[in-house]
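[1] sequence-free structure coming up:
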């Protein structure tokens, strides 16, 4: 069963993260949708995701993961040493999420913002929900 990653399609950091995940997920476990897309909005509504969550969300087996928990959920399914990042689950979630919030709050300032959502390459198009 694949998992869905919802991401801010306008954010350079988020788009870079999607490319990073695609390159380390050759089995295609993860599918993607931007929060700005129609399918992204439908998934947000279907799962009761608060509109205040505007960055990285993982939906896996009907369960929704936010912030650092979402990132750690992804890392366990990537090839290579990225699986080891799951050791950070030992850090209390409030502390992990505090660090996550600092990055999320500054992501446009530090990494920039796009005027429009990323267009998937023909090779990766099947990984994006429409």
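    Looks like it arrived, so ask away. Model, not experiment: these values are computed from the prediction. Numbers count the residues shown, from 1 in each chain.
[2] Excluding its own residues, what touches stretch 49-59? List them.
    3-8, 11, 14, 17, 35, 43-44, 47, 64-67, 70-71, 73-74, 104, 107 (CB atoms under 8 Å, 6 or more residues apart in numbering). Using the backbone N, CA and C atoms, a C-beta is placed for each residue, glycine as well.
[3] how about it: buried residues?
    By neighbour count with 16 or more other CB atoms under 10 Å, stretch 49-59 contains the buried residues 49, 53, 54, 55, 56, 57, 58, 59.
[4] ok so, going back, which ones among the contacts of stretch 49-59 lie within strands?
    If you go by DSSP state E, these have 3, 4, 5, 6, 7, 64, 65, 66 in strands.
[5] ok so, going back, tell me the buried residues within the contacts of stretch 49-59.
    Neighbour counting with 16+ other CB under 10 Å marks 3-8, 11, 14, 17, 35, 43-44, 64-67, 70-71, 73-74, 104, 107 as buried within those.
[6] so what's the residue lying closest to residue 117 once chain neighbours are set aside up against?
    Nearest non-adjacent residue to residue 117, counting by CB to CB, 6 or more residues apart in numbering: residue 9, 3.3 Å away. Going by CB under 8 Å, 6+ apart, residue 9 touches 15, 34, 35, 36, 37, 40, 114, 116, 117, 118.
[7] Generate the ChimeraX command that creates a selection of the buried members of those residues.
    Selecting only the buried entries of the contacts of residue 9 in ChimeraX, with 16+ other CB under 10 Å as the criterion:
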select :15,34,35,37,40,117,118
